[in-house]
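Participant: Sharing a model prediction with you, sequence too.
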Amino acid sequence: MMAAWAMDRMGHTKIADATLETLKNHKRSDNRLYECLLRWMGRKVFVPGVQTSRSPRKPVAGLITKWKIIGPFDDKTSNNLEAFSPAFRKDAGWMPITKGFEPSRIDVQANIGEHDDCSAFVRTTVTSPAKQTVTLVLQCDDLARAVLNGRLVEGNRVDLKRGENELILKVIDHKKGWRFTCAFTKQGKPVKGLSFEAN
Ligand SMILES: [Ca+2]
């Protein structure tokens, strides 16, 4: 497994893929490590023995994909601004999200590794052409809470101001999978004219 990872790191993608393919059918003692490896390498996750016949998730139109991330943190609280304090630290080491993009969500573990009972923060700058009230679509495995322009969001109706808006999410994982979905909609459709920047 580590050889595949090393090959991938060195840019030998084809050799890494071939090694992963042989590992796929190999009788391994640690499927969880294999799954973790696939995530780290930004590959599609194949987990032997796990039911995969579930219907695929519908793509989310307007899914926001420009994010920076910090984490993991031990804290899983989200009921007040205090719970977001690591995201407001001047020395927070924000990193761009570069992996784990799915049509309906973003895999946190593809970016910061596999962890349980923890949280991470993601942030994006939303530029709106006008002041407007929109719907925040926010889903997470397992929990998420949003802070928009320094205020904790209650419910799913939010006011965007004209120009730049700072959106920070706390995405919380209890066990195993750790993914989130975030979009702005109006009458069920992506809000027109919004742009997003990870900065
Ligand atoms: Ca989970």
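Facilitator: Yep, that arrived.
Participant: Correct me if wrong: residue 107 contacts residue 178.
Facilitator: Yes: if you go by Cβ atoms under 8 Å, residue 107 and residue 178 touch, sitting 7.2 Å apart. All C-beta atoms are positioned from the backbone trio N, CA, C, and that covers glycine.
Participant: if I look at residue 159, how far off is residue 197?
Facilitator: According to Cβ to Cβ, to the nearest Å, residue 159 and residue 197 sit 20 Å apart.
Participant: for residue 15, that is, sorry about that
Facilitator: 36 Å.
Participant: With neighbour numbers in mind, choose between the two.
Facilitator: Neighbour count, other Cβ atoms under 10 Å: between residue 15 and residue 197, residue 15 has more, with 15 against 12.
Participant: wait, is the more buried one part of a helix?
Facilitator: Yes: counting by DSSP: H, G, I helix; E, B strand; the rest coil, residue 15 is part of a helix.
Participant: All further residue positions should be reported with the first residue as 32.
Facilitator: Yes, from this point I'll number from 32; that puts the last item at residue 46.
Participant: Which positions in the helix or strand bottoming out on mean pLDDT in the chain come out as buried?
Facilitator: The least trusted helix or strand in the chain, going by mean pLDDT, DSSP states H and E, turns out to be helix 62-71, with a mean of 75. Within helix 62-71, the residues that qualify as buried are 65-71, counting by 16 or more other Cβ atoms under 10 Å.
Participant: For this protein, give me the ranges with low pLDDT.
Facilitator: Residues of the chain meeting the criterion pLDDT under 70: 56-60, 75-86.
Participant: which parts of it sit against the ion?
Facilitator: 172-173, 204, 207-208 (Cβ under 5 Å from the ion).
Participant: Can you flag which of these belong to helices?
Facilitator: Nothing among the residues of the chain next to the ion maps onto helices, per DSSP state H.
Participant: Among those residues, which lie within strands?
Facilitator: Among these, the members falling in strands (DSSP state E) are 172, 204.
Participant: Compare the residues of the chain next to the ion and tell me which is most surrounded.
Facilitator: Highest neighbour count within the residues of the chain next to the ion: residue 204, with 25 neighbours (other Cβ under 10 Å).
Participant: For that residue, give me its contacts.
Facilitator: Listed by Cβ atoms under 8 Å, 6 or more residues apart in numbering, the contact partners of residue 204 are 139, 146-150, 172-173.
Participant: Which parts of this structure are strands?
Facilitator: Remark: strands assigned in the chain by DSSP E are 99-104, 126-127, 137-138, 149-159, 163-172, 174-179, 182-183, 188-191, 194-204, 210-217, 220-221, 226-228.
Participant: Pull the residues that contact the third one.
Facilitator: Just to be clear, that refers to strand 137-138. Contacts to strand 137-138, defined as Cβ under 8 Å, 6+ apart, come from residues 70, 94, 96, 98, 128, 130-132, 208-212.
Participant: just the first one next, same as before
Facilitator: Outside strand 99-104, the residues within contact range by Cβ under 8 Å, 6+ apart are 117-118, 123-128, 139, 142-144, 146, 149-155, 229-230.
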